[in-house]
Structure formats: structure tokens, C-alpha cells
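>>> Model the structure of this input:
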Amino acid sequence: MKKELLILKRKKAKELFRNGWSISKISRYLLTRKNSVSNWIKLEDNDLLKDNRGWKRGTPRRYSIEAKEKIIKIRKELEKENSYFFGARVVKKNYENQIGLKVSNSFVDRTLREAGMVKSPQKKRKGLSKYMKYPQRTLTKLGKSMMSIDFIGPKYLHGSRESVSFLSCKYIRPQKQGIVKRITGQTTEQTIKILKEIWKDNPIPDVIKADNDAAFGTHSTHERCIGRLALFFLNLGVTPLYVAPRSPWNNGENEGFNSVFSKKFWNKLQFTDEDEIDIKIKDFNIAYEKYSNLVFDNPENNSAKYINEFKNINLENKHVNKFKTHIIYFLRIVRRKNEKGSDKEYGFINILNQEIKMPKKLINLFVFCTLDLKSKKLITSSEIDDGSLSKIKSIQFKIENVIY
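Residues are numbered from 1 along each chain as shown. Got it, this is the predicted structure:
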């Protein structure tokens, strides 16, 4: 299409749209695509005369060649500094801080990819958990602050048979901070010890996500019993949220942070002994804090609580009426019992070694469970399309190792 004709079509499209014509009707009248019409009617009058067709491939239309060169230079400087973090988001923020101008994520990513400095990311497949009724919106409304914890390891130093393990702690909101500490074993004792250390200077969250590891307080040989770590949380006013077994993506924030730790720290560096690990892991935690503050603009938490505020409280108390919170959350997938299609088929979930029957229509779907220790009730719900919870079942559920 000649430039003159293109400009006439653009002007006509804007004129007809102002007169109340629909995009589809304009498209048919001008014999052009609806996408083109949609773009034309958004143009300012000065832009109607521009024609960027035939632009030399690889030449940025919005940003200068100097901008591309500066982005590549920043990336190289970060690598020379042996920075743990030098991805596109970090380069973007450094560019904006140095130049004082905003730049798009896509331009930075494209520039680094063309220079062979980053790999093209895999496209995320959205909506995979939606059909399972995963209660995403419910989880985003639980408390003002949330943290997740997980074990990393065991790992082994070169030439040693002694294992090394870590406790990984990832703040989900409002901050995005991540902290890793070496532990002597994947135990409740070590978990409590490290959390006490972390919460001296970092805020105690309202909600904490964890898997169903025995050390985290839900797996027991006895039915309807909670572990020492769960009691520790309840006495601090931290509501535990135990994700579905064998579903690590339920704790995706921590899994992603663990992957960063393995890639940027454990697989990248060499260690002679555990003391050297402890020294270098401090550098990693500081570097991640700087990265998090740079990329996420973490807000201040003015209502934060710290462990020193609980000096005179018995953190192993078992009296329900003395707990700072009396709620425990569980995420579960309804599993099938007996042969599919048989008269004996039904759904079920397992909470603290107690099997709870569920309707067959919920098999392979997520349910959100709230255990209220004060009322001794377990309420099972499903998230519906508007993000609210629809109650499925409420049963009496008394915890055996707490005092009512």
C-alpha cells in the first residue's frame, strides 16, 4: 500500500469511529484488517503521517543504538563484579538508575538475547491449576504477610560423605526477601533455632507455608496430633498453611528460590568445609536482599513483629486459650478410594492421619481446609469462580495433644 493511501485510510478510520462506526464495520468498509483499524483509531493526529514500514531489521524504533550498547555494558560490568544476579530485570533497574530513563522489559531482554547473554525463557503455561480449583485468590488474602519454608539437601562437599542441609525461607509478601541458612539436620529443633535467628532482624509473618515434612509439624504416627513446630507457630501468632502432599508447586515461591540458590550458589562456588559455606552464604543472603530491593521495590512493614517481643512467652505452650492464633490451614487434593466407577468409589483427603470422606465429584480437585482449634471444627471448602469459598463439609475435629 502506498504511503498516501495508508494515511488516507487512517484518517478515514478515525473519522468513521468518531461518527459511531464499529471497528468491524470500518474494517469491511476500508477492506482492511480489524487489528489495523484498532491501532489506527488509537493514533494521535501527528502519528497518522508516520510510516515505519521498511524499517531496517534489528534497528530499534523507540530506543537508540547507544541504549543497547549501555545495556550490554552494564551486564558485562555485573559479571566482572562476580555478582550473583545479573539477569534482565537487574540490568533494567541498573540502566534506569544510571541513565534516569525508563526502559521496557522486552527491549532489555531482546538486547541481551541478541548479544547471546541470556537464554530465551520458556513460555509459562497459564491456567494449568485452574481446572483443579486451586484456591489462588483465597491464598492471596491470607494475612498481610506470608512466608514459606523448605529444606534444601542433603548435599555433599567434594570428597566428603558428610551431608550438608539448608533451611530455605522465602518471604512472599509484602517483601520478596529470601534467606538460606545451613543446618546440622532436617529437624524441628534446627528449624526453630534458625527461624528464631532470622526473626531477630526480619519480621515474623502472619502466615507461613510449609510442606508435610515430619519436622514441620503435621506428620505424626498418632492421629490428630500436631508437632512442636506447629505449636511454636501458634504461640507466636503465625498461622501455619500446610500445602498438598506431593505437590511442590503449591510452594512455588520457595521452590523457585531454592532453584536460584542451587544455580547461583551451590553449583557455582567451591567449598573446602562447612565454615567456608557459612561465610559465603552470608554474602549470598546480602546479595539476594539487594537484588530483591532493586527489582521488587519492597515496601516498609510498619506493623512488623520480631522474636524479641516474645521473650516472656512459653513458645511450647499447649493450652488452646493461650495461643496467639488457633487456626491451621491445609491444602489438599481429593483422592480416589476404590475402583473408579464402582459402587464403593468415593473421594477422600487425609488430615493429620485422619481420613475424611469427600464427594466423588471433587476427586482430583483442590479443597481448602480450616482447622479451628478453639471450636474443634474442621471446615472443608472449595474456591468458586468469583474467588469466594463454598463450604463442602464441617466436622468435629479435636487435636489430641493440646489442652482445651
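>>> What's the first helix or strand after the longest helix belonging to the chain?
The longest helix of the chain (DSSP state H) is helix 274-296. On the C-terminal side of helix 274-296, the nearest following helix or strand under DSSP states H and E is strand 327-333.
>>> Give the pairing partners of that next one; include direction for each.
strand 239-242 (parallel), strand 366-372 (antiparallel) (DSSP bridges).
>>> Which residues belonging to the longest helix of the chain are considered buried?
Neighbour counts over helix 274-296 (16 or more other Cβ atoms under 10 Å) mark I277, I281, F284, N285, A287, Y288, E289, Y291, S292, L294 as buried. To be clear about C-beta, it is placed using only N, CA and C from the backbone, and glycine gets the same treatment.
>>> give the contact list for the nearest residue to the first one once chain neighbours are set aside.
Read it as I277. Computed as Cβ to Cβ, 6 or more residues apart in numbering, the closest residue to I277 that is not its neighbour in sequence is F271, at 5.0 Å. Contacts of F271 were listed using Cβ atoms under 8 Å, 6 or more residues apart in numbering, and they are L157, I277, K280.
>>> Kindly report the same for I307.
Contacts of I307 (Cβ under 8 Å, 6+ apart): K196, W199, K200, I204, L236.
>>> Check it and give its pLDDT.
pLDDT, I307: 95.
>>> Equivalent analysis for K50, please.
The model's pLDDT for K50 equals 66.
>>> that older thread, list buried residues within the contacts of I307.
Buried by 16+ other Cβ under 10 Å: W199, I204, L236, out of the contacts of I307.
>>> Now render those as JSON lines, adding secondary structure.
Converted to JSON lines, the buried ones among the contacts of I307 look like this (DSSP: H, G, I helix; E, B strand; the rest coil):
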{"residue": "W199", "secondary structure": "helix"}
{"residue": "I204", "secondary structure": "coil"}
{"residue": "L236", "secondary structure": "helix"}
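>>> want to try JSON lines for the residues you listed, with pLDDT as columns?
As requested, the buried ones among the contacts of I307 are exported to JSON lines (pLDDT from 0 to 100):
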{"residue": "W199", "pLDDT": "96"}
{"residue": "I204", "pLDDT": "96"}
{"residue": "L236", "pLDDT": "96"}
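>>> What is the burial count for the nearest residue to Y329 once chain neighbours are set aside?
Leaving aside its sequence neighbours, Y329 sits nearest to L241 (Cβ to Cβ, 6+ apart; 4.2 Å). L241 has 24 neighbouring residues, counting by other Cβ atoms under 10 Å.
>>> What residues does L241 make contact with?
Shown in contact with L241 (Cβ under 8 Å, 6+ apart): L139, L142, V207, I208, K209, A210, Y329, F330, L331.
>>> how near is it to M147?
10 Å (Cβ to Cβ, to the nearest Å).
>>> Could you tell me which residues touch both of those two?
With Cβ under 8 Å, 6+ apart, L241 and M147 have common neighbours V207, I208, K209.
>>> name the element the residue nearest to the last one when sequence neighbours are not counted belongs to?
With Cβ to Cβ, 6+ apart as the measure, S148 is the residue that lies nearest to K209, at 3.9 Å, once sequence neighbours are left out. Element membership of S148 [criterion: DSSP H and E] is strand 146-156.
>>> Going by neighbour count, list what's buried in stretch 253-265.
Under the neighbour-count criterion of 16+ other Cβ under 10 Å, stretch 253-265 has E253, N254, F257, N258, V260, F261, K264, F265 buried.
>>> The helix or strand hosting the fifth one packs against which elements?
V260 is located in helix 252-261, with elements delineated by DSSP H and E. Helices and strands touching helix 252-261, by 3 or more Cβ pairs under 8 Å, 6 or more residues apart in numbering; DSSP states H and E, are strand 146-156, strand 163-173, strand 178-183.
>>> what does the average pLDDT come to for the first one?
Along strand 146-156, the predicted confidence averages to a pLDDT of 93.
>>> now do the shortest one
Computed over strand 178-183, the mean pLDDT rounds to 95.
>>> Partner strands of that strand and their direction?
strand 163-173 (antiparallel).
>>> Could you list the buried residues of the strand it pairs with?
V164, S165, F166, L167, S168, C169, K170, Y171, I172, R173.
>>> how about those in JSON lines, adding distance to T191 and pLDDT?
Converted to JSON lines, those look like this (distance: Cβ to Cβ, whole Å; pLDDT from 0 to 100):
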{"residue": "V164", "distance to T191": "16", "pLDDT": "92"}
{"residue": "S165", "distance to T191": "11", "pLDDT": "94"}
{"residue": "F166", "distance to T191": "11", "pLDDT": "96"}
{"residue": "L167", "distance to T191": "6", "pLDDT": "96"}
{"residue": "S168", "distance to T191": "11", "pLDDT": "95"}
{"residue": "C169", "distance to T191": "10", "pLDDT": "95"}
{"residue": "K170", "distance to T191": "14", "pLDDT": "95"}
{"residue": "Y171", "distance to T191": "16", "pLDDT": "94"}
{"residue": "I172", "distance to T191": "18", "pLDDT": "92"}
{"residue": "R173", "distance to T191": "22", "pLDDT": "89"}
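>>> Just name the closest of the residues you listed to P135, please.
In terms of Cβ to Cβ, no member of these lies closer to P135 than I172, at 15.1 Å.
>>> wait, doesn't that closest one sit right on G143?
No. Using Cβ atoms under 8 Å, I172 is not in contact with G143; the gap is 10.0 Å.
>>> Pull the contacting residues for N308.
Applying Cβ under 8 Å, 6+ apart to N308 gives the contacts K200.
>>> Distance check, it against W199.
Counting by Cβ to Cβ - N308 and W199 are separated by 9 Å.
>>> Enumerate the positions of stretch 364-378 that are buried.
For stretch 364-378, the neighbour count (16+ other Cβ under 10 Å) marks L365, F366, V367, F368, C369, T370, L371, L373, L378 as buried.
>>> what's the most distant pair in those?
Greatest spatial distance in these: L365 and L373, 26.2 Å, computed using Cβ to Cβ.
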